[in-house]
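Trainee: coords below, sequence missing:
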């Protein structure tokens, strides 16, 4: 087979199988300085991700040692709009992650970090479901062990 034929065959296989395409999990992923006593054991990420047509802010915290798969805790914040934002609880997320969990938290829609309108238990519940889908795609996540914790509104 001539070189041109081989190149064409390789390109065709990439197009047909979807190889080379990588799903964008986060529209923004910035590693930030930890806020708690456990920050040396974990890596804290400030993220933005898509929930439908809206860009939603949040965090995820992961143990620095990623040689195994970790269970996930989804932290559901209380409050509404700008009251109860996750920023004030990053130290708690880091504490949980230092105990061997990947911890993720959404700011929900409708505040200074996220697009949309706060619906207080309406479509903003989709923001959590979409965050769970993103977490399941991380290579160091145990997809069969995903749990939730919430306070006040986060218990809805």
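Mentor: That came through fine. Predicted model only: the values in this text are computed from it and were never measured.

Trainee: burial count for residue 108?
Mentor: Using other Cβ atoms under 10 Å, the number of residues around residue 108 comes to 33. Every C-beta, even on glycine, is put in place using the N, C-alpha and C of the backbone.

Trainee: what's the answer for the one 4 residues further on, then?
Mentor: Residues lying near residue 112 (other Cβ under 10 Å) number 10.

Trainee: give me phi/psi at it?
Mentor: Here the main-chain torsion angles of residue 112 (degrees, to the nearest 10) amount to phi -70, psi -20.

Trainee: ok, the one 4 residues further on next?
Mentor: Main-chain dihedrals, residue 116, degrees, to the nearest 10: phi 90, psi -170.

Trainee: look up how far residue 39 lies from the closest residue to it other than its chain neighbours.
Mentor: Ranked by Cβ to Cβ, 6 or more residues apart in numbering and with sequence neighbours excluded, the top spatial neighbour of residue 116 is residue 109, at 3.4 Å. Remark: distance between residue 109 and residue 39 (Cβ to Cβ, to the nearest Å) = 28 Å.

Trainee: now residue 121
Mentor: 32 Å.

Trainee: residue 133 is in contact with residue 25, correct?
Mentor: No: using Cβ atoms under 8 Å as the test, residue 25 is too far from residue 133 to be in contact (9.1 Å).

Trainee: higher neighbour count, those two?
Mentor: Here residue 25 and residue 133 are set side by side on neighbour count (other Cβ under 10 Å), and the busier one is residue 25, at 15 against 12.

Trainee: phi and psi next, for the closest residue to that one other than its chain neighbours.
Mentor: Among residues not flanking residue 25 along the chain, residue 134 sits closest, at 5.0 Å (Cβ to Cβ, 6+ apart). Dihedral angles of residue 134 (phi, psi; degrees, to the nearest 10) stand at phi -70, psi -40.
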